[in-house]
Each structure stands twice: as structure tokens, then as C-alpha cells.
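Participant: coords below, sequence missing:
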């Protein structure tokens, strides 16, 4: 079955729509001689396809920042965890290995374009990312 989590909208002035947060559980036991006590992970996994057709694909995962009609669009931030004592966490991105008659998926990194236009009430110079 499907699971949908949608935060509530708002139409009130000076307020924001609801937020959704998924967080793994905290590990709070502090006795150092009692094995590992790691915090819980959060994993997003697209659905598996077991069909026989070459067009039967696994489910995608999309992470998108929010759209804005007037202000800046929402950012997408990927950051590793910090440590009070040891190294910060790694950030790893990869494509999976290809099957017997395919190629490994592409990796694309790009910034958007910008169009500068004169507006007597608003102008930011129209610079795109670098």
C-alpha cells in the first residue's frame, strides 16, 4: 500500500506551510564498554520492479526544493553529520553497476540559467550559479 505524509497548508498571512521531518532514533546509552550504540538511520528506497519487460523500471526518488512565486525557490541541502570527537561523516554519490546489456547511469551536475530583466521595483542582477 501507499504511504503519504503531507504537512498542512496555510492561507494565513505571515505564516508558512507545515514541515515534514523524518529522523532516525537517538541512541542515548553512554556506557563505553557495552558495544556499539549508533543512532538510527533514515533510508529512502524506490520501489522494486520484478516485471519481465525491459520497460519495467524500479521506482525513482525525487528530492526537490519548494517552488516560490515571488521569492527564491527552496534549496536542497545534502550534508554529512558532524562529530564532537572524531571525523565528520562522508558524502557519497554513485550510480549502480549496469546489467549485462546496459551502461551505468549518468551523473549530472549543473547550475540553472538566469535572465536579467529590468523591474523598477526589483532587480538582483540575474547571476546564475558557478
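Facilitator: Sure, I can see it. Because the structure is a prediction, the values reported are computed rather than measured.

Participant: so where's the chain shaky on pLDDT?
Facilitator: Applying pLDDT under 70 to the chain flags the ranges 30-32, 34-35, 116-130.

Participant: so how far is residue 98 from the residue most central in space within it?
Facilitator: To find the centre residue of the chain, average its C-alpha atoms and take the closest one (Cα atoms, centre = their mean): that gives residue 63, at 4.3 Å. In this structure, residue 63 and residue 98 are separated by 23 Å, where distance is defined by Cβ to Cβ, to the nearest Å. Every residue, glycine included, has its C-beta placed from N, CA and C.

Participant: check residue 49 too.
Facilitator: Counting by Cβ to Cβ, the gap between residue 49 and residue 98 amounts to 16 Å.

Participant: do the same with residue 3
Facilitator: Distance, residue 3 to residue 98, using Cβ to Cβ: 31 Å.

Participant: of those two, who's got more company?
Facilitator: Set side by side, residue 3 and residue 98 give different neighbour counts by other Cβ atoms under 10 Å, the larger being at residue 98 (10 against 4).

Participant: nearest residue to the residue nearest to the centre of the chain other than its sequence neighbours?
Facilitator: Setting aside the residues directly before and after it, residue 63 is nearest to residue 76 in space (Cβ to Cβ, 6 or more residues apart in numbering), at 5.9 Å.

Participant: nothing else from me, thank you.
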